[in-house]
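S.K.: sharing a sequence plus its predicted fold:
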There are 2 protein chains.
Amino acid sequence: MKRGDEGLAFMLRYENVAWYEDGKVRILDRRIYPVRAEYVVCRKHEEVAQAIADMVTQSAGPYTAAAMGMALAAYEVMKSGRADVEEYMEHAAYTLSHARPTTVNAMVKITDGAMTIVREKVRAGETGQKLVDAMQEYAFHYINNNYLKYCKVGSYLADQIPKNGTVMTICFAETVIGTALRECRNRGNEIKMICAETRPYFQGARLTASVACDMGFDVTVVSDNMPGYAMKEKKVDVFTSAADVITMDGYVVNKVGTFQMALMANYWGIPYYATGEPNEAHKTIDTVRIEERDPDQVLEAMGTRVTMPGVKGYYPAFDITPPKLCDGVVTDKGIFAPLNLNAYFNQIK
Amino acid sequence: MKRGDEGLAFMLRYENVAWYEDGKVRILDRRIYPVRAEYVVCRKHEEVAQAIADMVTQSAGPYTAAAMGMALAAYEVMKSGRADVEEYMEHAAYTLSHARPTTVNAMVKITDGAMTIVREKVRAGETGQKLVDAMQEYAFHYINNNYLKYCKVGSYLADQIPKNGTVMTICFAETVIGTALRECRNRGNEIKMICAETRPYFQGARLTASVACDMGFDVTVVSDNMPGYAMKEKKVDVFTSAADVITMDGYVVNKVGTFQMALMANYWGIPYYATGEPNEAHKTIDTVRIEERDPDQVLEAMGTRVTMPGVKGYYPAFDITPPKLCDGVVTDKGIFAPLNLNAYFNQIK
């Protein structure tokens, strides 16, 4: 089978995202990569959910982890010989999909898909190792189909990048960045990358910059107070980000800082493209709850405290970019105007 | 004599800014405060210049350090018994004032003031210990007059903060923050502070937040990707920053990130006030050279590297906020419109 991760950077290879094998899910710890390449090994699906909550992996990583977690849950229920397989799996599906509040809707799609298979298999009496195998296969197809789909997104994004142009990003757009870079390379387009470091976890510096560097591109990191100046000085051609949620009314919910950068891009006349797909479960932005994370994490950097005891922190994980500030939603079906996202679903395929 | 630092936080006390005594200049190392309160001790004026270049102290700190450095130079030339005192002092003045490219003009004003005294003293034959004393007195008066002047700036700024309002800042506005907070406290205005951490040195988290906390205020730190969201969510009333240079045509040159925050404040309809005074040596923004610092500093946080070897960094120390995005320049003579800064100099005193 054609694997969608060929030619991508180390951390985008399936085995280094989240991987079920022999009763364990192994997840590359993105909180410390690339300083060290270490894995969190989960022996229970609850540990997978906890790893997702703790941001061992993020961006698209948690979705694969959740799918792999379902394979682990099937292994658990086989081993323990529990009678009510379906109930156990349903409970696991809930635990995995609700690991982080902001992504519940997208997560439920994955665990629902797994549960459809679970019910079929249970009905056919195919539990035990057969269910484990079916879940493992489901998880593999999930990530592989996802990558193949994101090859298209990456390709549409690559279309928007001028020859030898400069692209600015925030956080880690995961597969999209990998596939867009691979596409640029295949087209002989030697683009430059500027990555905002993305506090407090530095995903831009640690992950995106490392992926681009690993793939041989010219890449520069700026801290999160610099994009406004750097966009102008470094002649940025395109700003792009992933999206945790794209609402049907055109709002982009993504890593906090995206809104600021979209606003600056707008000021300098630089196009901003969000990648992903519209989420039908969110008709309007009012339905999105912005997750707040442990405020203490803002008060430290790479494990060192940065201020006086008594000072408080505030850590909204995401922010909201209004449709006015977004020049296009880049999907697997092409690029759509943020105020016309119904077209994504109505399009003749 | 009335000292302008009464009731201010620890790090704003004169002895903890930069202080000449007995052949040494002692400078609080702001790169590590408040994790530890340590001082860099300089025994030669070149070491003072190096400390300024290395950002041991920043914001208004270097100006005091330069003045204290002139006292140290006087001590050096006394000790070495050099004949040509004036030439030695002139050389020291150049070294100290040129420690950082962006602030040369403002620095030269201070060293020029010192040189006027040097020439008088030399002419009167008052070299040796007398010259050291005169330089020490000059430095003390420099910082004390500066503080007394910034009491006025802090007071005008306090006028703009609504009762129990929320103020957002970037980097460390030094005396202005201290005096504005003292003024608010004296008026019974229990304001809240939100400080952008200000990478790569975290001056907002380490210095501004610590000063506000030290003085008993409610203070919250956000990372530099959060102000855009936090301004709205936390109902910020005023955004304010210091300014390394305010050009006569109304541009504010300040710590990188200021421009972004001014743009976001403008988006949300929040007033932005720059504090300081217009710089007549910079008639237009074209005369300002933006300093770029060691790019490797962006690639680490509190001493820990954040990305893969091979990734580059970019570290513009300052950015430029256009007059359109600034609602007022708060000075010791009141608040001026950025496009009408000649009024600062033409005003009847």
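M.R.: Yep, it's here. Residues are numbered from 1 along each chain as shown, chains lettered A, B, ... in the order given.
S.K.: rounded mean pLDDT for the longest helix along chain A, please.
M.R.: Looking across chain A with DSSP state H, the single longest helix is helix A:129-159. Mean per-residue pLDDT for helix A:129-159: 96.
S.K.: for the stretch 151-300 of chain A, which segments count as helices?
M.R.: Counting by DSSP state H, counting those that start in this stretch, the stretch 151-300 of chain A has helices at residues A:175-186, A:203, A:209-214, A:227-233, A:258-268.
S.K.: quick one: closest of these to B:Lys333.
M.R.: helix A:227-233 (30.0 Å; Cβ to Cβ). In short, each C-beta sits where N, CA and C put it, glycine included.
S.K.: other residues contacting that closest one?
M.R.: A:168, A:170, A:194, A:196, A:222, A:236, A:239, A:260-261, A:264-265, A:267-268, A:270, B:256-257, B:259-260, B:263, B:314, B:316, B:319-320 (Cβ atoms under 8 Å, 6 or more residues apart in numbering or on different chains).
S.K.: ok so, going back, tell me which other helices or strands the longest helix of chain A touches.
M.R.: strand A:18-21, helix A:61-79, helix A:104-123, helix A:175-186, strand A:272-275, strand A:328-331 (3 or more Cβ pairs under 8 Å, 6 or more residues apart in numbering or on different chains; DSSP states H and E).
S.K.: who wins for proximity to B:Met248 among those?
M.R.: Nearest of the helices and strands packed on helix A:129-159 (Cβ to Cβ): strand A:272-275, 34.5 Å.
S.K.: chain B contacts on the stretch 51-200 of chain A?
M.R.: Contact residues, the stretch 51-200 of chain A versus chain B (Cβ under 8 Å from any Cβ of the partner chain): A:Ile170, A:Ile194, A:Ala196, A:Glu197, A:Thr198, A:Arg199, A:Pro200.
S.K.: quick one: contacts for the last one?
M.R.: Neighbour list for A:Pro200: A:Gln297, A:Val298, A:Glu300, A:Ala301, A:Tyr315, B:Ser223 [criterion: Cβ under 8 Å, 6+ apart].
S.K.: grab the nearest non-local neighbour of A:Asn225.
M.R.: Counting by Cβ to Cβ, 6 or more residues apart in numbering or on different chains, the nearest residue to A:Asn225 once its immediate chain neighbours are dropped is B:Gly257, at 2.7 Å.
S.K.: right, and the helix or strand after the worst-scoring helix or strand of chain A on mean pLDDT?
M.R.: Each helix and strand of chain A was given a mean pLDDT (mean pLDDT, DSSP states H and E); the minimum falls on strand A:304-305 at a mean of 92. Later in the chain than strand A:304-305, the nearest helix or strand by DSSP states H and E is strand A:312-313.
S.K.: now for the following helix or strand past that next one, which elements pack on it?
M.R.: Remark: after strand A:312-313, the chain's next helix or strand is strand A:318-321, criterion DSSP H and E. Identification of packing neighbours for strand A:318-321 by 3+ Cβ pairs under 8 Å, 6+ apart yields strand A:252-255, helix A:258-268, helix B:227-233.
S.K.: how about strand A:318-321 as PDB, C-alpha atoms only?
M.R.: Taking Å, rounded to 0.1, in the frame of the first residue of the first chain, the C-alpha atoms of strand A:318-321 are listed here in PDB:
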ATOM      1  CA  PHE A 318      -6.500  29.100  21.100                       C
ATOM      2  CA  ASP A 319      -7.700  32.300  19.700                       C
ATOM      3  CA  ILE A 320     -10.300  33.300  17.000                       C
ATOM      4  CA  THR A 321      -9.500  34.800  13.700                       C
END
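S.K.: and the contacts of it?
M.R.: Taking Cβ under 8 Å, 6+ apart as the rule, strand A:318-321 contacts A:102, A:244, A:251-260, A:262, A:272, A:274, A:285, A:288, A:290-291, B:226, B:228-229.
S.K.: from B:Asn225, how far out is A:Ala274?
M.R.: Note on A:Ala274: its distance to B:Asn225, by Cβ to Cβ, to the nearest Å, is 16 Å.
S.K.: neighbour count: those two, which is higher?
M.R.: Neighbour totals were compared for A:Ala274 and B:Asn225, and B:Asn225 leads with 33 against 28 (other Cβ atoms under 10 Å in any protein chain shown).
S.K.: surely that one meets A:Phe202?
M.R.: No - assessed by Cβ atoms under 8 Å, B:Asn225 is found out of contact with A:Phe202, at 10.9 Å.
S.K.: re the thing from before, okay if I get the contacts of A:Pro200 as JSON lines plus neighbour count, pLDDT and distance to B:Arg119?
M.R.: What follows is those, written out as JSON lines (neighbours: other Cβ atoms under 10 Å in any protein chain shown; pLDDT from 0 to 100; distance: Cβ to Cβ, whole Å):
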{"residue": "A:Gln297", "neighbour count": "16", "pLDDT": "96", "distance to B:Arg119": "56"}
{"residue": "A:Val298", "neighbour count": "25", "pLDDT": "97", "distance to B:Arg119": "52"}
{"residue": "A:Glu300", "neighbour count": "16", "pLDDT": "95", "distance to B:Arg119": "51"}
{"residue": "A:Ala301", "neighbour count": "25", "pLDDT": "94", "distance to B:Arg119": "48"}
{"residue": "A:Tyr315", "neighbour count": "21", "pLDDT": "98", "distance to B:Arg119": "56"}
{"residue": "B:Ser223", "neighbour count": "32", "pLDDT": "98", "distance to B:Arg119": "49"}
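S.K.: okay, domains of chain A per the record?
M.R.: Domain segmentation of chain A under automatic domain parsing yields A:10-148, A:160-346.
S.K.: span of the first one from start to end?
M.R.: In other words, domain A:10-148. 17 Å (Cα to Cα, to the nearest Å).
S.K.: distance between that domain and the chain's centre?
M.R.: 15 Å (Cα atoms, centre = their mean, to the nearest Å).
S.K.: now do stretch A:275-284
M.R.: 15 Å.
S.K.: next one: stretch A:253-264
M.R.: 16 Å.
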